[in-house]
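**Student:** I need the structure of the sequence given here:
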Amino acid sequence: MVRNLSLICLVAHSIILSSDAIQIVALAGEKQPVKPIKPAAAKAAPAAPAAGKAAGKAAGKAIPTAKAEGVTGEGSGYNVSSSSNASSNATSKASSNATSWASSKTTMAMSAGTAFHYYSNGSTIHGSAGYVAPIMMFTHGCSESTAGIHTLQALLRAHGMNSDLMAHGELIKSLTTLTTPEAFVKQFLQSGMTKADETAQQNMGNAITYHTAELSDKVQILVNWAKEQGVALTFKNELTYSSKNPDMMQYLKNMGARPFLFTRTNLVDVLKCRIEDFCNGVGRVKAGYRVDANGEEIPCGFRGRSNASNASREEDRVWLDPEVIEFELSEQQKNDKDHRQYLSGNLLSEEDHSKVDIGKWNYKEFAAEDLLSFEYGEAYDAKGMHTSAQEWVKLLGTVGVHNATFYSVQTVLKSLDQYPAPLSHKYSIANYDDIKKALQGTKYKDMLREDDKRGRTLALRSSI
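**Tutor:** As a prediction, this is how the structure comes out:
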């Protein structure tokens with residue numbers, strides 16, 4: 001596979017890099033590597049002109065848009081084709097080593113300011129990779145989004161869409177805290193690149209940690225970088241960052257970002273996770289605490305998915321406050337509704353009823369329980385694999401992967417690791433009888449799970 005990387009740094013050079021066929025890496029847990037499935041032929045689209053600099057509040061410039069570059073419809077992406085491949089291949093064989101060395105030396109000379117300017121403004125993309133619109137999982141904490149984003153990245157790679165560049169999906173959250181180029185490279189970019197790539201990565205690190213860069217600038221830098229690499233920039237985002245950064249969201253929308261809403265429908269599981277990992281519920285009240293085998297309170301703290309999966313049954317228990325349980329579940333329900341209304345273009349501020357969103361997105365909603373049911377085995381859900389494969393085919397279609405079939409998706413899912421199934425609430429909630437009594441007569445009563453098999457709880461959506 002040939003990947004064309006176009007770098008314009010003080011002087012222009014072209015680097016032709018080759019890599020082995022992309023295979024699933026151990027993100028969601030790997031058993032057997034799955035060879036990429038040949039993508040369906042795509043229609044050629046107009047070549048993309050250079051992207052403009054992201055609009056900062058002080059600059060007052062128009063936010064770049066992909067509409068003029070071939071995109072039609074909200075939330076759609078486009079492909080960039082170019083005739084430069086033939087000429088590049090014809091001339092690169094004799095001079096590729098010299099060109100790579102010259103480009104590497106030139107790129108090393110870039111200052112942080114120059115790097116910021118370059119990666120903010122981007123360049124015309126040449127080569128077969130072209131532009132792949134960003135894929136945005138819109139979600140919130142304790143929704144099983146980490147498992148979801150890793151599974152999605154594995155499926156993208158297996159179906160011929162390069163998603164290897166980013167090490168994880170916590171894009172927006174991490175960009176708010178980056179302070180050094182080294183931190184950027186360490187957090188976001190995978191190892192194993194060539195020396196020329198490493199140098200370019202360092203310069204992107206300089207750009208993304210430049211002292212004047214705002215969050216919208218940083219996101220634009222990453223989109224331009226991913227565009228040059230032919231990478232499907234795949235990441236999580238949530239309302240906390242979206243509502244406070246309309247410029248960032250408008251830029252992503254203009255560039256054809258493809259969002260989908262990822263929700264966890266069992267709100268009792270969400271609340272239990274929040275207490276275990278974050279010590280409180282969405283309402284920020286003391287809704288409960290973790291307990292040991294004797295029912296004594298033990299410290300909470302974020303454990304991550306691996307640690308949580310390896311916890312003993314005695315460690316995976318909480319005490320919930322019957323006095324606030326209904327309120328906490330309603331707050332989590334409202335959190336889901338707010339995310340839904342943001343993407344629908346109907347979210348208003350609670351303070352002054354001003355519009356919070358930037359308008360309607362073209363999106364679909366998917367339940368974590370359906371997408372990830374395959375992980376827990378047939379004993380937990382006999383229809384789990386079938387349900388998951390069906391839902392992933394639908395989701396992949398909404399983000400531009402049209403060569404996915406039930407069989408191809410199932411093949412990938414079967415290659416990924418299984419995890420311990422969620423415990424029944426009757427066991428994992430220390431005061432289960434009190435909570436069951438408190439929820440009697442409420443719309444949440446059917447979310448209580450009394451055995452170690454999956455319940456088919458009806459999701460509460462627009463009625464909330």
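**Student:** separation between Leu343 and Asn362?
**Tutor:** For Leu343, the distance to Asn362 (C-beta to C-beta, to the nearest Å) stands at 9 Å. For glycine as for every other residue, the C-beta is placed from the backbone atoms N, C-alpha and C.
**Student:** how does this protein divide into domains?
**Tutor:** Domains of the chain are assigned by automatic domain parsing as 2-261, 264-362+423-464.
**Student:** considering those domains, which stretch scores lowest in mean pLDDT?
**Tutor:** Among the domains of the chain, domain 2-261 carries the lowest mean pLDDT, a mean of 63.
**Student:** between the two ends of stretch 269-286, how far is it?
**Tutor:** 16 Å (C-alpha to C-alpha, to the nearest Å).
**Student:** revised request: answer the last question for stretch 277-287.
**Tutor:** Stretch 277-287 end-to-end distance (C-alpha to C-alpha) = 13 Å.
**Student:** ditto for stretch 390-408
**Tutor:** End-to-end distance (C-alpha to C-alpha), stretch 390-408: 11 Å.
**Student:** quick check: closest non-adjacent residue to Trp319.
**Tutor:** Ala430 (4.7 Å; C-beta to C-beta, 6 or more residues apart in numbering).
**Student:** phi, psi for that neighbour please.
**Tutor:** Ala430 adopts backbone torsions of phi -60, psi -40, taken as degrees, to the nearest 10.
**Student:** check Pro259 too.
**Tutor:** Torsion angles, degrees, to the nearest 10, at Pro259: phi -90, psi 160.
**Student:** so how far is Gly295 from it?
**Tutor:** Pro259 is 43 Å from Gly295, by C-beta to C-beta.
**Student:** which one of the two is surrounded by more residues?
**Tutor:** Pro259 (25 against 10; other C-beta atoms under 10 Å).
**Student:** for that one, which residues count as its bridge partners?
**Tutor:** Met136 (DSSP bridges).
**Student:** shouldn't it be in contact with Arg340?
**Tutor:** No. With contact defined as C-beta atoms under 8 Å, Pro259 does not reach Arg340; the gap is 11.5 Å.
**Student:** okay, strands next: where are they in the protein?
**Tutor:** 2-9, 11-18, 135-138, 234-237, 258-263, 288-291, 297-298, 318-320, 365-367 (DSSP state E).
**Student:** coming back round to it: residue contacts, the residue nearest to Trp319?
**Tutor:** By C-beta atoms under 8 Å, 6 or more residues apart in numbering, the contact set of Ala430 is Val291, Gly295, Arg317, Val318, Trp319.
**Student:** right, and Ile221 touches Tyr119 too?
**Tutor:** Yes. Using C-beta under 8 Å, Ile221 is in contact with Tyr119, at 4.3 Å.
**Student:** identify the contacts common to those two.
**Tutor:** Joint contacts of Ile221 and Tyr119 (C-beta under 8 Å, 6+ apart) are Met204, Ala207, Ile208.
**Student:** which of those residues lies closest to Leu348?
**Tutor:** The closest of the shared contacts of Ile221 and Tyr119 to Leu348 turns out to be Ile208 (C-beta to C-beta; 33.0 Å).
**Student:** burial measure for the closest one, as a count.
**Tutor:** Counted with other C-beta under 10 Å, Ile208 comes out at 28.
**Student:** what of Ile221?
**Tutor:** 27.
**Student:** so how far is Lys443 from Glu450?
**Tutor:** With C-beta to C-beta as the criterion, Glu450 and Lys443 are 18 Å apart.
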